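1. My questions concern the predicted model and sequence given below.
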Amino acid sequence: MTRSRELYLNLPVHDLGAAMRFFAALGFTFDPRFSNDQGACMIVSRQAYVMLLQRPFFQTFTPRTLCDTTRDVQGLFAFDAESRAAVDTLFDAALAAGATEARAPMDHGFMYARSFFDLDGHQWEVLWMDTAACGAAS
């Protein structure tokens, strides 16, 4: 059995305060022990965290040029919701907090997802999946 691992995703942001307010509007909280004026630790789950880092600070961790997320995709980041309705609720909250729709909803019956660009242009997907239906399909 593979041991469970914690995930720490680091994302560059232009305005840390705005990014924190945006994700707080979606129901995320932050761990103050790992947050300061350079970055904030957003709690996704007990084993997954997103470090929102001011762009200049983020740049100190890599020799490569940061992506221009107004034209390039840095990655596609997804998190789940407990129901189809919760997907729509979270997506609507993202739009109300300043996000823009990335693409039309995806509905495969057993899986439903909505996708948005956050304030910094990072693409996020909120999804619901009927895992019982997935197992029956294989």
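-> Cool, the structure landed.

2. check which helix or strand covers Arg21.
-> Secondary structure here is read from DSSP states H and E; on that basis Arg21 sits in helix 16-25.

3. tell me the mean pLDDT for that helix?
-> Averaging the model's pLDDT scores along helix 16-25 yields 98.

4. contact partners of it?
-> Contacts made with helix 16-25 from outside it, assessed by C-beta atoms under 8 Å, 6 or more residues apart in numbering, are listed as 13, 30, 37-40, 42, 50, 52-54, 93-94, 96-99, 118-120. (Glycine included, C-beta is placed from N, CA and C.)

5. now with 10 Å?
-> Residues outside helix 16-25 that contact it (C-beta atoms under 10 Å, 6 or more residues apart in numbering) are 11-13, 15, 28-30, 35-40, 42-44, 50, 52-55, 57, 90, 93-94, 96-99, 118-120, 122, 124.

6. Next up, identify which helix or strand the closest residue to Phe77 other than its chain neighbours is on.
-> With sequence-adjacent residues excluded and distances taken as C-beta to C-beta, 6 or more residues apart in numbering, Phe77 is closest to Trp124, at 5.1 Å. Element membership of Trp124 [criterion: DSSP H and E] is strand 123-129.

7. Cool, thanks, signing off.
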